[in-house]
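J.: one predicted model, sequence on top.
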Amino acid sequence: METKSNEIELVKHQVGVTYKVILINIEGITHEESMIFPNGEANCMNWVLGHLIDVRNGLLNILGEESLWNGDPFSAYKRGVTALEKKDEFIDFEELKSYLKESQEKLETKLNTLEKFNPENINDIGTLCFHENYHSGQLGYIRRLLGKSGGIK
């Protein structure tokens, strides 16, 4: 029996850890709270979570899977968007949470079926894992700015 490559195991672990961190940091946040822009301009929790899911779609595509979402209803979460200008296009925070769960299930399923990554995708996969770490940490700071206790102890 062939074992999985270390790269796949590493990415599986990264995706699992960041998912747990994201869940901890969004725990107990209402839709209304998710729409608060700290300092009146910093990205709100709704945008950060939606953006994470949007980029997870990119990772799914690199791995040969279909995106969870496509098109205009989700364009407000794209990289480079000024979130404050797109806030009227954001979707409900609970709906975002369900997309996050679905993205996790799809990623885990796909990573469990792969034997190796295409070598030309390694750098992109590494960058996308870093991206998740970056934004999952932002969710922790936004949580504190909303007056909630820190999730990670």
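T.: Received it, and whenever you're ready, just let me know what you need. Numbers count the residues shown, from 1 in each chain.
J.: can you tell me the closest non-neighbouring residue to Phe90?
T.: In space, and not counting its chain neighbours, Phe90 is closest to Asn46: 4.9 Å by CB to CB, 6 or more residues apart in numbering. In short, each C-beta sits where N, CA and C put it, glycine included.
J.: now do Ser136
T.: Nearest to Ser136 is Val21, by CB to CB, 6+ apart, at 4.4 Å.
J.: go on, Tyr19?
T.: Nearest non-adjacent residue to Tyr19, counting by CB to CB, 6+ apart: Gln104, 4.9 Å away.
J.: can you classify the one you found by secondary structure?
T.: Under the three-state scheme (DSSP: H, G, I helix; E, B strand; the rest coil), Gln104 adopts helix.
J.: tally of neighbours for it?
T.: 19 (other CB atoms under 10 Å).
J.: quick check, it in contact with Lys12.
T.: No. Using CB atoms under 8 Å, Gln104 is not in contact with Lys12; the gap is 11.1 Å.
J.: report the central residue of the protein.
T.: Centroid check for the chain by CA atoms, centre = their mean gives Leu52 as the closest residue, at 2.7 Å.
J.: distance check, that residue against Ser5.
T.: Distance from Leu52 to Ser5, counting by CB to CB, to the nearest Å: 25 Å.
J.: so how far is Glu27 from the spatially closest residue to Lys78 that is not a sequence neighbour?
T.: For Lys78, ignoring the flanking residues on the chain, the nearest one in space by CB to CB, 6+ apart is Asp54 at 6.3 Å. Using CB to CB, Asp54 is found at 21 Å from Glu27.
J.: settle it for me: which of the two has more neighbours?
T.: A direct count of neighbours by other CB under 10 Å for Asp54 and Glu27 places Asp54 higher, at 22 against 10.
J.: does that one touch Ala76 like I think?
T.: No. If you go by CB under 8 Å, Asp54 and Ala76 don't touch, sitting 9.3 Å apart.
J.: now do the buried residues in the longest helix seen in the chain.
T.: Criterion DSSP state H: the longest helix present in the chain is helix 122-145. Using 16 or more other CB atoms under 10 Å as the test for burial, helix 122-145 gives 125, 128-129, 131-132, 135-136, 138-140, 142-143.
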